[in-house]
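fold the following.
(chains A and B)
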Number of protein chains: 2
Amino acid sequence: MRMTRYFLPLLKEVPSDAQIASHQLMMRAGMIRQAAAGIYSWLPLGLRVMQKIERIVVEEQTRAGHLPMLMPTLQPATLWEESGRYSDYGEEMLRITDRHDRKLLYGPTNEEMITDIFREHVHSYRDLPLTLFHVQWKFRDEIRPRYGVMRGREFLMKDGYNFDVDQDEAIHAYNRHMVSYLRTYERLGLQAIPMRADTGPIGGNHSHEFLVLASTGESRVHYDAAILDLKLKDAAIDYDSHDRCAAVVAEWTTPYARTEETHDATVFADRVPAGRRVESRAIEVGQIFYFGTKYSEVMGATVTNAAGQSVPVHMGSHGIGVSRLVGAIIEAHHDDRGIRWPLSVAPFQVGLVNLAHNDTGCRTTCEQLYRELAGLGLEVLYDDRDESPGAQFASMTLIGLPWMVAVGPRSLAGGEVEFTERASGIRSSHPHETAARHLADRIGLPPV
Amino acid sequence: MRMTRYFLPLLKEVPSDAQIASHQLMMRAGMIRQAAAGIYSWLPLGLRVMQKIERIVVEEQTRAGHLPMLMPTLQPATLWEESGRYSDYGEEMLRITDRHDRKLLYGPTNEEMITDIFREHVHSYRDLPLTLFHVQWKFRDEIRPRYGVMRGREFLMKDGYNFDVDQDEAIHAYNRHMVSYLRTYERLGLQAIPMRADTGPIGGNHSHEFLVLASTGESRVHYDAAILDLKLKDAAIDYDSHDRCAAVVAEWTTPYARTEETHDATVFADRVPAGRRVESRAIEVGQIFYFGTKYSEVMGATVTNAAGQSVPVHMGSHGIGVSRLVGAIIEAHHDDRGIRWPLSVAPFQVGLVNLAHNDTGCRTTCEQLYRELAGLGLEVLYDDRDESPGAQFASMTLIGLPWMVAVGPRSLAGGEVEFTERASGIRSSHPHETAARHLADRIGLPPV
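The predicted structure is shown next:
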């Protein structure tokens, strides 16, 4: 993409209401624009990141055998009256009346609606296990929206719902979700720690939150530093294996790690050596729940089990905040000059900078490199604006693409162009003829 | 995908409120479920189709140089008060009040919001031309939602907005949109005719609707049959060329084609030979508008032109109904036994049917073919349910995948499996060892 043809409104000033780094950087990098309190438009650069996150989330859910569908944003109030949550949910629920005076609401979550779909169509244990998920906009009318997309009112969330014939199967679904979530966060470049958590308005008695450590986080957490050494990496996981999933869950939930709500100082002191006890702030980026038959009983979602009995189905729900993750990733990956995107979610992998717009050699080389890099399958943002080198470097550093390739008359006289890796700041020179292929190799793209 | 692991609730009964073929077939094929009047959940099969349509729409907009972004579903009323449309829009606008008594609305369209983004960030003709688009859920509180997703209340739409320094440039943007829309509809397997149209509440004086001929359409149209011979095919279009785009538009808008609102019987009779005059019903699947400075003037969206003067920017808006297209494509492609998906939007390209579940040879061959077809990049729905051959054939025919591969003991004794092409109904036999590659070739997939 050529910058002269892109819409990338970089801001020089930090907006006064932006208190945390991710909010400031998303505004400055032209990723979002506020439409109303807690409601944002995603400008082209921001949308690219959010869509990459969404794709990884969907891929990992699909890999775990979960099925994508899509429920609407608006829901009839009647469903929530059935579960009893219409009156319970409080002022965070955005209640709406249509032209025929029918009560609707903007879904803050979808337990009722998915249970309604299930009870209509599924009646036998033979059709289980079943996990359905969707990635859809939700609305929670926060009294004080803040921190940009981190605590917005309209937000994009992946929420999934498992249906199982009994508690054993439902716990396997719970474990499957934990494994798929851990894998998702790793691919996003995040270290997310599962922590035992309260269940809140969703209900049930078995829940973990996933927290990313960040000094700006709203949650206070307590954990055993040993958990930071755990990595899933590319470990092959058979999601059908109860034992395999349970083993991963055991590994990740054995070290002490709890939010303020479930923290027990005595247990913490007893079980964790002093040198490994950490208290920190963190950002919640997902939560999983097993709540048994809470919704299925009141809404009549039953199946016939192998013994021919009609039993209420066991359920859980599992959420990842997709739009919030954009902010959380920035909180975990930035410095005082700008964002440092992990490769997997970078809006473009490479920034190409022409340092001398009036120099024919530089222009020709840039055009050539732009074609070559794109031909190798790399996503390139090409700064072809007539700006000073300093302004161009500052823009690229702010936007935070993993690699920058700069073409200037001095290096080019020696046949070279200059690479800068954003994460390390390391610069290196390479012959311009092989620069594109070299970068593709560094990034790990296969030969075309 | 194995059917035993899929969520595909096929219905035997046609729901009584489903009046037209697409609504009946989408319900019977387990594609959607109604959540409230005019509000639908998209079950896994339906979502696959809608996402394929969305992908084609986005690809063609991107090819035309238009930039993807995403505006929220909810908008502040203040923006619509600026344009004067908050009071004008009528009861189709879903008005909402939040917990702080601020007025919001569920966006039925986005002229105000995009103009607000533009005026904040763009101030010079040097940043033009600019076209931004998004694919987002909209809401129009139809007094009588009907025809399933064809006239729903919550619907998915691609809407794009061009910003240009003067009328000439804006007309080029209009032409670019018409060309990209024609290409989009062709890829979707639709013959969509551009027809001169009224502008309605969007405003302006230059608009075309795109209509797909269908006896169930809500629009009455009048056209010269000669227009049905026009095809874009793979014609390379330079979207930067004013002349090239204008030539395509001239070709497609010269034959008489108008909706009831703009129809002129005298002109029709004068200009079109009697044998080519057709009156028909049709479904609107898109509309483009040029409305000049209607919004930019009242909202103060100005740019400095080359002469240094501040001028209101020229705009247009351009919409394609993505969720509606799912229904429109079915209206154009079905028979009395079910859907017949065009390859480009089929939820799966191939249905694989095991006609004898207790036969080891059939089961082994099916498993083998399933792996081979997937390995070649084909999307396969594998009916591994223990159902009768008749029920399996009926299901596959209803769902309407372009190709069915049936494995039965009789053919397999001769080393063969049976192909059925859904569109033509033609059956043929092929050796099972080469069946997967043969099908990939028929579908046009490159060698792996």
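
which intervals of chain A have sub-threshold pLDDT?
A:199-205, A:447-448 (pLDDT under 70).

which strand is the longest one in it?
For chain A, the strand with the greatest residue count under DSSP state E is strand A:277-292.

quick check: next helix or strand after it?
Once strand A:277-292 ends, the next helix or strand along the chain (criterion: DSSP states H and E) is helix A:294-299.

show me chain A divided up by domain.
Using automatic domain parsing, the domain ranges for chain A come out as A:3-338, A:350-443.

let me know which of these is the nearest to chain B.
domain A:3-338 (3.8 Å; Cβ to the nearest Cβ). Yep, even glycine has a C-beta here, placed from its N, CA and C like the rest.

all the strands of the stretch 201-350 of chain A, residue numbers only.
A:206-213, A:219-224, A:257-259, A:277-292, A:302-304, A:310-312, A:314-321, A:334-335, A:338-339, A:350-354 (DSSP state E, counting those that start in this stretch).

turn these into CSV, including mean neighbour count and distance to chain B.
Shown next, in CSV, are these (neighbours: other Cβ atoms under 10 Å in any protein chain shown; distance: least, Cβ to the nearest Cβ, whole Å):
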stretch, mean neighbour count, distance to chain B
strand A:206-213, 23, 24
strand A:219-224, 20, 24
strand A:257-259, 22, 26
strand A:277-292, 22, 20
strand A:302-304, 19, 14
strand A:310-312, 15, 19
strand A:314-321, 26, 15
strand A:334-335, 16, 23
strand A:338-339, 23, 18
strand A:350-354, 26, 17
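
could the ones you listed go into TSV alongside distance to A:L190?
Compiled in TSV, the strands of the stretch 201-350 of chain A are given as follows (distance: least, Cβ to Cβ, whole Å):
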stretch	distance to A:L190
strand A:206-213	5
strand A:219-224	15
strand A:257-259	15
strand A:277-292	7
strand A:302-304	37
strand A:310-312	36
strand A:314-321	11
strand A:334-335	13
strand A:338-339	14
strand A:350-354	22
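
to A:G327, which of these lies closest?
Minimum separation from A:G327 across those (Cβ to Cβ) falls at strand A:277-292, 7.9 Å.

elements contacting that closest one?
Strand A:277-292 is packed against helix A:167-187, strand A:192-196, strand A:206-213, strand A:219-224, strand A:314-321, helix A:322-332, with contacts defined by 3 or more Cβ pairs under 8 Å, 6 or more residues apart in numbering or on different chains; DSSP states H and E.

put together JSON lines for those, with distance to B:E331 on each row.
Converted to JSON lines, the helices and strands packed on strand A:277-292 look like this (distance: least, Cβ to Cβ, whole Å):
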{"stretch": "helix A:167-187", "distance to B:E331": "39"}
{"stretch": "strand A:192-196", "distance to B:E331": "46"}
{"stretch": "strand A:206-213", "distance to B:E331": "45"}
{"stretch": "strand A:219-224", "distance to B:E331": "51"}
{"stretch": "strand A:314-321", "distance to B:E331": "37"}
{"stretch": "helix A:322-332", "distance to B:E331": "34"}
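
B:R5 is nearest to which of these?
Minimum separation from B:R5 across the helices and strands packed on strand A:277-292 (Cβ to Cβ) falls at helix A:167-187, 13.5 Å.

what about the closest one, distance to the chain center?
Put simply, helix A:167-187 sits 16 Å off its chain's centre (Cα atoms, centre = their mean, to the nearest Å).

likewise for stretch A:140-147?
For stretch A:140-147, the distance to the chain centre is 19 Å (Cα atoms, centre = their mean).

please save the CA atoms from it in PDB.
Extracted in PDB, the C-alpha atoms of stretch A:140-147 (Å, rounded to 0.1, in the frame of the first residue of the first chain):
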ATOM      1  CA  ARG A 140     -22.400  -2.900  27.600                       C
ATOM      2  CA  ASP A 141     -23.400   0.500  28.700                       C
ATOM      3  CA  GLU A 142     -20.400   1.100  31.000                       C
ATOM      4  CA  ILE A 143     -21.100   4.000  33.400                       C
ATOM      5  CA  ARG A 144     -17.600   5.400  32.600                       C
ATOM      6  CA  PRO A 145     -16.100   4.100  29.400                       C
ATOM      7  CA  ARG A 146     -12.400   4.700  29.300                       C
ATOM      8  CA  TYR A 147      -9.000   3.500  28.100                       C
END
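
and that stretch with chain B, contact?
Yes. Remark: stretch A:140-147 sits within contact range of chain B at A:D141, A:I143, by Cβ under 8 Å from any Cβ of the partner chain.

show me the contact partners of that stretch.
Residues outside stretch A:140-147 that contact it (Cβ atoms under 8 Å, 6 or more residues apart in numbering or on different chains): A:19-20, A:22-23, A:37-38, A:91-94, A:108, A:151-153, A:155, A:216, A:218, A:327, B:98-99.

and it, which residues are buried?
When neighbours are counted by 16 or more other Cβ atoms under 10 Å in any protein chain shown, the buried residues of stretch A:140-147 are found to be A:R140, A:D141, A:E142, A:P145, A:R146, A:Y147.

hang on, the second one is in a strand, isn't it?
No. Note on A:D141: no strand contains this position according to DSSP: H, G, I helix; E, B strand; the rest coil, which reports coil.

look up how far A:E154 lies from it.
Distance, A:D141 to A:E154, by Cβ to Cβ, to the nearest Å: 10 Å.

buried residues in stretch A:328-348, which are they?
For stretch A:328-348, the neighbour count (16+ other Cβ under 10 Å) marks A:328-334, A:338-342, A:344-348 as buried.

only alpha carbons, please: show it as CSV.
Output of stretch A:328-348 as CSV, limited to C-alpha atoms (Å, rounded to 0.1, in the frame of the first residue of the first chain):
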residue,chain,number,x,y,z
ALA,A,328,-3.8,-5.2,25.2
ILE,A,329,-1.2,-6.1,22.6
ILE,A,330,0.0,-2.5,22.4
GLU,A,331,0.2,-2.3,26.2
ALA,A,332,2.5,-5.3,26.1
HIS,A,333,4.5,-4.2,23.0
HIS,A,334,5.4,-0.6,22.8
ASP,A,335,8.2,1.9,23.8
ASP,A,336,8.2,5.6,24.2
ARG,A,337,8.5,6.1,20.5
GLY,A,338,5.6,4.0,19.4
ILE,A,339,4.1,0.6,18.9
ARG,A,340,6.1,-2.6,18.3
TRP,A,341,3.7,-5.1,16.7
PRO,A,342,4.3,-8.8,16.9
LEU,A,343,4.7,-10.1,13.4
SER,A,344,1.4,-12.1,13.6
VAL,A,345,-0.8,-9.1,14.0
ALA,A,346,1.2,-6.3,12.4
PRO,A,347,-1.0,-4.3,10.1
PHE,A,348,1.9,-4.5,7.5
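
for A:I443, give its distance to A:I339.
Separation of A:I443 from A:I339 (Cβ to Cβ): 18 Å.

kindly report the same for A:A197.
On the measure of Cβ to Cβ, A:A197 and A:I339 end up 29 Å apart.

near chain B, which residues of the stretch 151-300 of chain A? Just list them.
Residues of the stretch 151-300 of chain A lying near chain B by Cβ under 8 Å from any Cβ: A:E154.

give me phi/psi at A:F7?
phi -120, psi 100 (degrees, to the nearest 10).

that one contacts B:T131, doesn't it?
No. A:F7 is not in contact with B:T131 according to Cβ atoms under 8 Å; the separation is 9.3 Å.

the two - which one has more neighbours?
B:T131 (23 against 20; other Cβ atoms under 10 Å in any protein chain shown).

need the CA coordinates for the helix or strand harbouring that one. CSV is fine.
Element membership for B:T131 (DSSP H and E) is strand B:130-139. Listed next in CSV are the C-alpha coordinates belonging to strand B:130-139 (Å, rounded to 0.1, in the frame of the first residue of the first chain):
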residue,chain,number,x,y,z
LEU,B,130,-10.5,9.0,-1.3
THR,B,131,-13.0,6.3,-1.0
LEU,B,132,-13.6,4.5,2.3
PHE,B,133,-15.9,1.6,2.8
HIS,B,134,-17.0,-0.8,5.5
VAL,B,135,-19.1,-4.0,5.8
GLN,B,136,-21.2,-3.6,8.9
TRP,B,137,-24.6,-4.5,10.4
LYS,B,138,-27.3,-1.9,9.9
PHE,B,139,-30.8,-1.7,11.2
